[in-house]
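In: My questions concern the predicted model and sequence given below.
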Amino acid sequence: MAAETLAYSATTRSGETLRFDFPLHAQTVSEADVAQMVSAILEGLTRSIGSRTDVSDGDVLQAVAMAMAVRAEMVKAPRGAAQSLSRHLIETAMSATDGVSRGPGGTA
């Protein structure tokens, strides 16, 4: 693995830029691929929601959590291993929100 963290920026609908330093798992093969997939997931959500204002943030988070569970079940690993890894990865990613930097403008 080339880096221990992934610097990642995202821009909200209101134009606020969020800057993260996500810790990467020790067995991460490509931080560039991870960044590209995060962007693709967020762009897919943006396309799905569009300009709708009736989609709740809770529903979005629930859908992402369910997608993670589905994807974990698709992994060819001993029963429970992917679920355990998924829980660890979510906790690690959420810990990065403690140090998120917020500012105006920017790109995702």
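Out: Yes, it's here.
In: Apart from its neighbours in sequence, what residue is nearest Val60?
Out: Once its chain neighbours are removed from consideration, Val60 has its nearest residue in Leu45; the separation is 6.4 Å (Cβ to Cβ, 6 or more residues apart in numbering). Quick note: C-beta positions are derived from backbone N, CA and C, even for glycine.
In: pLDDT averaged over the helix or strand that contains Met66 - what is it?
Out: In this assignment (DSSP states H and E), Met66 forms part of helix 57-74. Helix 57-74 shows a mean pLDDT of 96.
In: can you give me the offset of it from its chain's centre?
Out: The chain centre lies 11 Å from the centre of helix 57-74; the measure is Cα atoms, centre = their mean, to the nearest Å.
In: Mind listing the strands the helix-or-strand element of the chain with minimal mean pLDDT pairs with, and their directions?
Out: Within the chain, no helix or strand scores below strand 101-104, which has a mean of 92 by mean pLDDT, DSSP states H and E. For strand 101-104, the paired strands and their directions (DSSP bridges) are strand 16-23 (antiparallel).
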